[in-house]
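In: Here is a sequence with its predicted model. Questions after.
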Amino acid sequence: MAPKLSRIERKELENTIISKYKGEIKMTDEEIAKIFPRCTPRTVRTARSNIMRHGTIDRPPKPFGRPAEVTESMWMAIWYELRRHPSLSQQAQANFIYKLYGIRVSRSTIGRGVKWTKKTMMTIAKERNRDLRDDFIHRRSLFKLEQIICVDESGDDREMAIPTKGYAPKGVTPVQRKPFHRGKRVSFLPAYTIHGVIYSEVYEGTTDLELFESFLENLLPHCGRYPEPRSVVIMDNATFHNVSLAIKDLYYEAGVLIVKQSPYSPDLNPIEYFFGALKNHIESRAIEDEDHIRGDLKNYLRIMSIPWVEAKVAGDGHGDTLERHSTILKIQNKGERKHDI
C-alpha cells in the first residue's frame with residue numbers, strides 16, 4: 001500500500017485539482033502525481049472523486065453502530081423550545097419531537113440526549129421593562145458606592161427560622177414537628193450601605209405609608225448632604241414608598257437625593273441579597289435560638305441585624321457578605337448583567 005500523504009500535501013493536492021477544474025492550470029493526473037513524491041495517478045483520481053462527491057479531498061468517516069433516531073437538528077429544536085418553555089417535562093419533550101418529526105422516543109432517550117439538569121427556575125416579571133432597567137442602572141452608576149443607601153421592607157413570621165431541608169438515610173424522608181400557628185407577622189425595615197446597616201426599625205404587622213415616612217424621618221440624621229457619603233436613598237416602587245411632598249421637601253432641604261429604581265427589578269437593589277443572607281443566618285441558628293425565636297421574634301430579629309451594623313469595619317464574617325454585595329453593585333453599574341431579560 002502506498003504511503004499516505006501528509007496533511008499539507010493533501011491540502012496542496014486538493015488546491016491543485018480545484019485549480020484544474022477552474023481552468024487555471026492544464027495538467028494530466030500523471031503530471032499532478034509527479035509534483036508530490038508519494039503520490040500516484042490513482043491517488044489523484046481518488047482525490048478528484050472525493051472532491052466531486054463530498055467537496056473535500058478527505059472522505060467523511062463512515063458511521064458505526066445503529067443509526068441515531070434523533071438527529072442533531074432535532075436536539076437543537078428541543079433546546080430552542082426549552083429556552084422558550086424551560087418547565088417542559090421529558091415526556092412533553094418527547095411529544096414535541098413526535099409532533100414535529102413523527103418520531104417516537106422514550107423519556108430516557110430525551111434525558112441522555114438533552115443533557116440538561118432540572119433546577120429551580122428564576123422567576124422574572126413579564127411587566128419588567130429593559131429600557132427602564134438600563135436607565136436606572138445608568139443613573140445609579142453616576143453615584144459612588146459610599147453615597148448609596150438602600151431601603152426596603154422585609155417581613156415574616158416564626159416559620160422563617162424553621163429549616164426546610166434535613167438529612168436522612170437514603171430512601172427515607174426526614175420529618176420534623178412544627179406548630180401550625182404562625183403568630184404575628186414581624187416587619188424589618190433597614191437602611192443598608194456598603195458598610196452595613198446604619199439604621200433599622202422592627203415592628204409587628206405590615207408596613208404602610210405612615211410607618212415608612214416615620215422611618216425616613218428617623219433615617220435623615222444618619223444621612224449626609226450630597227455629594228457626601230450616605231446622601232442618596234434608593235427605594236423601589238412599592239405603593240407605600242410614594243411619600244408625601246413634606247418628606248420630599250425635608251430631604252431636599254437636607255441635600256439628600258431620593259432615587260426610585262425601575263419597576264419589577266428587585267435584583268438591582270443589593271438589600272435583597274442582604275435579606276437573603278440574614279434569613280439564612282437565622283435559619284442556621286434555628287435549633288440553638290428556638291426559645292428566643294418563639295418568645296420574642298421582634299427583639300430577636302433586631303439583635304440578629306446588629307452584626308451587619310458596620311460589619312465591614314468590624315472585619316467579621318459578615319463583612320464578606322457586604323463585600324460580595326458591593327461587588328454585585330459594581331458589576332451591575334458596568335452593565336455586565338448575567339440575567340438581564
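Out: That came through, no problem.
In: Against which helices or strands is the helix or strand harbouring Asn50 packed?
Out: Per DSSP states H and E: Asn50 is located in helix 41-54. With contacts taken as 3 or more CB pairs under 8 Å, 6 or more residues apart in numbering; DSSP states H and E, helix 41-54 sits against helix 7-21, helix 29-35. Quick note: C-beta positions are derived from backbone N, CA and C, even for glycine.
In: of all those helices, which lies closest to Leu132?
Out: helix 7-21 (54.6 Å; CB to CB).
In: got the buried residues for that closest one?
Out: The neighbour-count check on helix 7-21 (16 or more other CB atoms under 10 Å) flags Arg10, Glu12, Leu13, Glu14, Thr16, Ile17, Lys20 as buried.
In: Show me what that helix is packed up against.
Out: Looks like helix 7-21 contacts helix 29-35, helix 41-54 (3+ CB pairs under 8 Å, 6+ apart).
In: Return the distance of Asp58 relative to Leu13.
Out: Distance, Asp58 to Leu13, by CB to CB, to the nearest Å: 11 Å.
In: Make a markdown table from the helices and strands packed on helix 7-21 and add distance to Leu250, mean pLDDT and mean neighbour count to it.
Out: Below are the helices and strands packed on helix 7-21 laid out as a markdown table (distance: least, CB to CB, whole Å; pLDDT from 0 to 100; neighbours: other CB atoms under 10 Å):
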| stretch | distance to Leu250 | mean pLDDT | mean neighbour count |
| --- | --- | --- | --- |
| helix 29-35 | 90 | 88 | 15 |
| helix 41-54 | 79 | 88 | 15 |
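In: a markdown table please, covering those helices and showing distance to Arg84.
Out: A markdown table is the format used below for these (distance: least, CB to CB, whole Å):
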| stretch | distance to Arg84 |
| --- | --- |
| helix 29-35 | 53 |
| helix 41-54 | 36 |
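In: thinking again about what came up before, of the helices and strands packed on helix 41-54, which is nearest Ala254?
Out: Relative to Ala254, the nearest member of these by CB to CB is helix 7-21, separated by 74.6 Å.
In: Contacts for the closest one, please.
Out: With contacts defined as CB atoms under 8 Å, 6 or more residues apart in numbering, helix 7-21 is touched by 5, 25-27, 32, 35-36, 38-39, 43-44, 47-48, 51, 56-58.
In: Please apply the same query to stretch 72-89.
Out: Identification of contacts with stretch 72-89 by CB under 8 Å, 6+ apart yields Gln93, Phe96, Ile97, Leu100, Tyr101, Ile103, Ile110, Gly113, Val114, Trp116, Met121.
In: give me every residue that touches Ser262.
Out: Contacts of Ser262 by CB under 8 Å, 6+ apart are Arg128, Asn129, Leu132, Arg133, Asp135, Phe136, Asn237, Leu268.
In: can you rerun that using 10 Å?
Out: Each residue near Ser262 by CB atoms under 10 Å, 6 or more residues apart in numbering is listed here: 128-137, 139-140, 236-237, 268.
In: Name the helix or strand for it, please.
Out: In this assignment (DSSP H and E), Ser262 forms part of neither any helix nor any strand.
In: any idea of the pLDDT on it?
Out: Ser262 carries a pLDDT score of 90 in this model.
In: quick one: it and Ser154, what's the gap?
Out: In terms of CB to CB, Ser262 sits 20 Å off from Ser154.
In: same question, Glu228
Out: Going from Glu228 to Ser154 by CB to CB gives 28 Å.
In: same deal with Tyr80?
Out: Between Tyr80 and Ser154 the distance is 38 Å, computed by CB to CB.
In: The two: which is more packed in?
Out: Just comparing Tyr80 and Ser154: by other CB atoms under 10 Å the higher neighbour count belongs to Ser154, 19 against 9.
In: how about that one, phi and psi?
Out: Per-residue torsions, Ser154: phi -140, psi 140 (degrees, to the nearest 10).
In: Sketch out the low-pLDDT regions of this protein for me.
Out: Within the chain, the stretches with pLDDT under 70 are 1-3, 157-161, 179-183, 305-341.
In: show me where it has helices.
Out: 7-21, 29-35, 41-54, 72-84, 90-101, 107-114, 130-141, 209-219, 245-254, 271-284, 290-295, 297-305, 311-314, 318-333 (DSSP state H).
In: Quick one: closest of these to Gln176.
Out: Gln176 sits nearest to helix 290-295 of all these, at 11.7 Å, using CB to CB.
In: rewinding a little: any chance of the helices and strands packed on helix 41-54 in a markdown table with distance to Ile162 as columns?
Out: Formatted as a markdown table, the helices and strands packed on helix 41-54 follow (distance: least, CB to CB, whole Å):
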| stretch | distance to Ile162 |
| --- | --- |
| helix 7-21 | 66 |
| helix 29-35 | 81 |
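In: Of all these, which one comes closest to Asn299?
Out: Shortest distance between Asn299 and the helices and strands packed on helix 41-54, using CB to CB, is found for helix 7-21: 76.3 Å.
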